[in-house]
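Participant: Here is the input, now give the coordinates:
(one chain, ligands or ions: 1)
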Amino acid sequence: MNKASDVTNKRILITGGASGIGADSGLLLASRGAKVVLADLNEQAGNELAEKGQADGFEIYFYKVDVTDKASIQALFAYAMETLGGLDVVVNNAGIDHNPAPMHELSDDDFDRNIAVNLKGVWHCMRAAIACMAGKGPGHVINVASVAGLRSSPSISAYSASKHGVMGLTKSAAVEYAKIGLRFNAVCPSFIDTPMVRNTMAKIDERAQKAIVGASPMRRLGQVGEVSAGIAWLASDESSFMNGHAFTLDGGMLA
Ligand SMILES: NC(=O)c1ccc[n+]([C@@H]2O[C@H](COP(=O)([O-])OP(=O)(O)OC[C@H]3O[C@@H](n4cnc5c(N)ncnc54)[C@H](O)[C@@H]3O)[C@@H](O)[C@H]2O)c1
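Facilitator: Numbering: from 1, shown residues only. The predicted structure is shown next:
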């Protein structure tokens, strides 16, 4: 009998894999028998996670990458292809946010940085993934976007623009490459309890903190495990007819 959401021996690359959603997804997938490369700017945290996973008997590796640097991305994909012997799933998860501010007060630097990491980084990683996976059987690219890529997000306009862009790339690629067996989907979480959100919470007043928690009708932040479980299902063949989709994990926020 097949295991539910089987990812045994799937070769999976996850960017932003040293923290939060990426780290939890990497460890979950590796614990279920996938072969995982975690990639991140944060070398120390990434190496510690890979060592911990290996000590638990998982096949998991770390490689340092800066997703704003095309050469660094090319080196990462070459490493993953060599180490895993190919790629079945690529999870483009590395991302940043910016301090909340009205659009006209947001700095050019915040805008440029969010586009460079969250959108252009995903663009380069998607193109590298396509080059590695085309002609080698089914492949799946999972982009971690956000509910901010699906609706208005007052005071985080640059972040929202970057994530709307990720949705455009995801849907266009889904249609362009379906004929060669590649699928592209996006995961769109609402507020999840990760270092990114904890950092934001630390900078805002109590009223704004309550607004973040209350944005979901379930009146709580999501947990990383609730996103990793979705990513793990997407990475399995059970998601085989899903393509070009925004997989929303938001406790009902967009309902
Ligand atoms: N936490 C949330 O509420 C939430 C909601 C929706 C979407 N997301 C998205 O989920 C993804 C993961 O976020 P998280 O909450 O786990 O955040 P996190 O800050 O815990 O992890 C993000 C990781 O990305 C890495 N990173 C940042 N810039 C990079 C770069 N240039 N190159 C390589 N790695 C880089 C960081 O080092 C970090 O390890 C992001 O794309 C984020 O936008 C998060």
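Participant: buried sites along the host helix or strand of R127?
Facilitator: R127 is part of helix 121-133, with elements assigned from DSSP states H and E. Judged by neighbour count (16 or more other C-beta atoms under 10 Å), helix 121-133 contains these buried residues: G121, V122, W123, H124, C125, M126, R127, A128, A129, I130, C132, M133. C-betas here are computed from N, CA, C, even on glycine.
Participant: before we move on, which element is the residue nearest to V224 when sequence neighbours are not counted in?
Facilitator: The shortest distance from V224 to any non-neighbouring residue, by C-beta to C-beta, 6 or more residues apart in numbering, is to D24 (4.1 Å). Using DSSP H and E, D24 sits in helix 20-31.
Participant: Kindly export that helix (C-alpha atoms) in CSV.
Facilitator: Listed next in CSV are the C-alpha coordinates belonging to helix 20-31 (Å, rounded to 0.1, in the frame of the first residue of the first chain):
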residue,chain,number,x,y,z
GLY,A,20,11.0,29.5,10.0
ILE,A,21,8.9,27.8,7.3
GLY,A,22,11.8,26.7,5.2
ALA,A,23,13.7,25.0,8.1
ASP,A,24,10.5,23.2,9.4
SER,A,25,9.6,22.1,5.9
GLY,A,26,13.1,20.8,5.2
LEU,A,27,13.2,18.7,8.4
LEU,A,28,9.7,17.4,7.9
LEU,A,29,10.4,16.3,4.3
ALA,A,30,13.7,14.8,5.3
SER,A,31,12.1,12.9,8.2
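Participant: What are the phi and psi values at the spatially most central residue of the chain?
Facilitator: Geometric centre of the chain, nearest residue: N93, 2.2 Å, by C-alpha atoms, centre = their mean. When read as degrees, to the nearest 10, the backbone of N93 gives phi -120, psi -20.
Participant: re earlier: residues contacting whichever helix or strand comes after the helix holding D24, please?
Facilitator: The helix or strand immediately downstream of helix 20-31 is strand 35-40, counting by DSSP H and E. Strand 35-40 has contacts (C-beta atoms under 8 Å, 6 or more residues apart in numbering) with 9-19, 22-23, 26, 29-30, 46, 49-50, 53, 58-65, 76, 79-80, 83-84, 94.
Participant: List the residues that contact H164.
Facilitator: A148, G149, L150.
Participant: do you know how far the last one is from the ligand?
Facilitator: When distance is defined by C-beta to the nearest ligand atom, to the nearest Å, L150 is 11 Å away from the ligand.
Participant: Same check on the first one?
Facilitator: For A148, the distance to the ligand (C-beta to the nearest ligand atom) stands at 7 Å.
Participant: could you say what helices and strands the longest strand anywhere in the chain packs with?
Facilitator: Taking DSSP state E as the criterion, the chain has its longest strand at strand 182-189. Strand 182-189 makes packing contacts with helix 121-133, strand 139-144, helix 157-177, helix 224-235, strand 246-249 when contacts are defined by 3 or more C-beta pairs under 8 Å, 6 or more residues apart in numbering; DSSP states H and E.
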